[in-house]
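**Student:** Quick one, structure for this:
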Amino acid sequence: MELELRHLKTVRAIAEAGSLTRAATALGLAQPALSAQLKRIERALGGELFERGRHGVRATALGELVLERSRIVLPAVTELQQEAARFARSPRSAACFRLGGTHGPLLGALVDRLADVAPDARVTTCTSWSERELAGLLAEGRLDFALAGTCGSAAPPGAEGLVWREVAVDPVFVMVPDGHPLAHRGEVDLTELAGEEWACVPGDGCFGDCFTASCARAGFTPRRMYETDTSSLVHLVEVGRAVGLCRATFPTMPGIVTRPLTGTPLSWRHLLGWHAGTQPRDTAATVLAQARMAHAGVAARSDSYTEWLAAHRDTDAAPAGLPGGL
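**Tutor:** Residues are numbered from 1 along each chain as shown. Reported below is the predicted structural model:
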């Protein structure tokens, strides 16, 4: 019998479980079947791998050798499989862009920009409220680029081999119906909203905690937070059920207004991510440049954001700007 990867996984499972009974349960096998398999493996390797005792099993010197090698071999094979999957799924030319993004207008604006600069390219999109899911799709080679974001200076979603670059930093605005008592204000102080209920779109970052902390500094605890999709958020705001939290680039809509918060207690950092092993540097640079121009275009279509930028252009409260380079 030749040794196979599944045999190494079996040996590792037995060592981790500490007994054949527990290992058989973990592997979904009957104990006699696992014992017979172990004997075949031991014959192939030329000696016993485990000493059996009243309290379970313990690796022999030969067993320790096999386990030590398996700790190198198994992760290496897994990495090879993942790399091969990314390569197989990656486009063979620059004429294909598989884009991912969270909620908001930036993904659509980037698609529009790429259609202008590469009219023959095939562009597909995928949306998710989870930045971690998008990072996973990049790591698996199922997306080429992803637009995600983080609250303030929080770290981007992590996965080995991913590159994240800043597109822009926006203040977080509040969304209220146009009949709200504060709708006419140029800026709204968070303390003035202490009695409101709130709504925002979901995410798996720290935004909710940062919002709660900002409210605590303002001297109150939010009454209630509805986490929902964008359409439901807008509805809750329209009917006066909640005040919405949104990025400053949120498009102008009939019946609602967006207003900045005094002192900019919350900000959102837009990021573009890709896998360093599958995207050529010049392609990544092109998509990043287009993402930054897409953001500038979206921001220009928001009256409230345009006014805020004009008022804060030379102050510390202004967004961090658009860094150059990769």
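**Student:** can you give me the helices in this structure?
**Tutor:** 5-17, 20-27, 31-45, 61-89, 106-117, 131-139, 207-217, 230-238, 281-300, 303-312 (DSSP state H).
**Student:** show me the contacts for residue 12.
**Tutor:** Contacts for residue 12 (Cβ atoms under 8 Å, 6 or more residues apart in numbering) come out as 67, 70, 74. (C-beta placed from N, C-alpha, C; glycine too.)
**Student:** One more: residue 294?
**Tutor:** So residue 294 contacts 106, 109-110, 112-113 (Cβ under 8 Å, 6+ apart).
**Student:** So it versus residue 262, what's the distance?
**Tutor:** When distance is defined by Cβ to Cβ, to the nearest Å, residue 294 is 29 Å away from residue 262.
**Student:** so where is the stretch 101-250 of the chain shaky, pLDDT-wise?
**Tutor:** The model of the stretch 101-250 of the chain has no residue with pLDDT under 70.
**Student:** hmm, 80 instead?
**Tutor:** 158-159 (pLDDT under 80).
**Student:** so where do the strands sit in it?
**Tutor:** Counting by DSSP state E, counting those that start in this stretch, the stretch 101-250 of the chain has strands at residues 122-127, 145-151, 162-177, 198-200, 225-227, 243-247.
**Student:** Can I get these in a markdown table including distance to residue 23 and mean neighbour count?
**Tutor:** Shown next, in a markdown table, are the strands of the stretch 101-250 of the chain (distance: least, Cβ to Cβ, whole Å; neighbours: other Cβ atoms under 10 Å):
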| stretch | distance to residue 23 | mean neighbour count |
| --- | --- | --- |
| strand 122-127 | 39 | 14 |
| strand 145-151 | 39 | 24 |
| strand 162-177 | 35 | 22 |
| strand 198-200 | 46 | 22 |
| strand 225-227 | 42 | 15 |
| strand 243-247 | 50 | 23 |
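**Student:** Determine which of those strands approaches residue 3 most closely.
**Tutor:** Minimum separation from residue 3 across these (Cβ to Cβ) falls at strand 162-177, 34.6 Å.
**Student:** Can you add distance to residue 252 and give the helices of the chain back as CSV?
**Tutor:** Below are the helices of the chain laid out as CSV (distance: least, Cβ to Cβ, whole Å):
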stretch, distance to residue 252
helix 5-17, 57
helix 20-27, 56
helix 31-45, 65
helix 61-89, 38
helix 106-117, 15
helix 131-139, 26
helix 207-217, 23
helix 230-238, 12
helix 281-300, 11
helix 303-312, 6
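**Student:** Let me know which of these is the nearest to residue 179.
**Tutor:** Across those, residue 179 has its closest neighbour in helix 230-238 (9.9 Å, Cβ to Cβ).
**Student:** and the contacts of residue 294, which are buried?
**Tutor:** Neighbour-count burial (16 or more other Cβ atoms under 10 Å) applied to the contacts of residue 294 gives 106, 109-110, 113.
**Student:** Taking these together, which two end up most distant?
**Tutor:** Pairwise over the buried ones among the contacts of residue 294, using Cβ to Cβ, the maximum falls at 106 and 113, 10.3 Å.
**Student:** who touches both of those two?
**Tutor:** By Cβ under 8 Å, 6+ apart, residue 106 and residue 113 have these common neighbours: 291, 294.
**Student:** Give me the neighbour count for residue 272.
**Tutor:** Residue 272 has 26 neighbouring residues, counting by other Cβ atoms under 10 Å.
**Student:** Contact partners for residue 30?
**Tutor:** residue 24 are the contacts of residue 30 under Cβ under 8 Å, 6+ apart.
**Student:** roughly how far apart are it and residue 8?
**Tutor:** Residue 30 is 21 Å from residue 8, by Cβ to Cβ.
**Student:** Buried subset of the contacts of residue 12 as a PyMOL selection?
**Tutor:** Buried residues within the contacts of residue 12, by 16+ other Cβ under 10 Å, are selected in PyMOL with:
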select buried, resi 67+70
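**Student:** Need the CA coordinates for stretch 162-169. CSV is fine.
**Tutor:** Extracted in CSV, the C-alpha atoms of stretch 162-169 (Å, rounded to 0.1, in the frame of the first residue of the first chain):
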residue,chain,number,x,y,z
LEU,A,162,-4.6,40.4,-0.3
VAL,A,163,-3.7,44.0,-1.0
TRP,A,164,-6.0,46.8,0.1
ARG,A,165,-5.7,50.5,-1.0
GLU,A,166,-7.6,53.5,0.1
VAL,A,167,-10.1,55.0,-2.3
ALA,A,168,-11.4,57.8,-0.2
VAL,A,169,-12.6,58.7,3.3
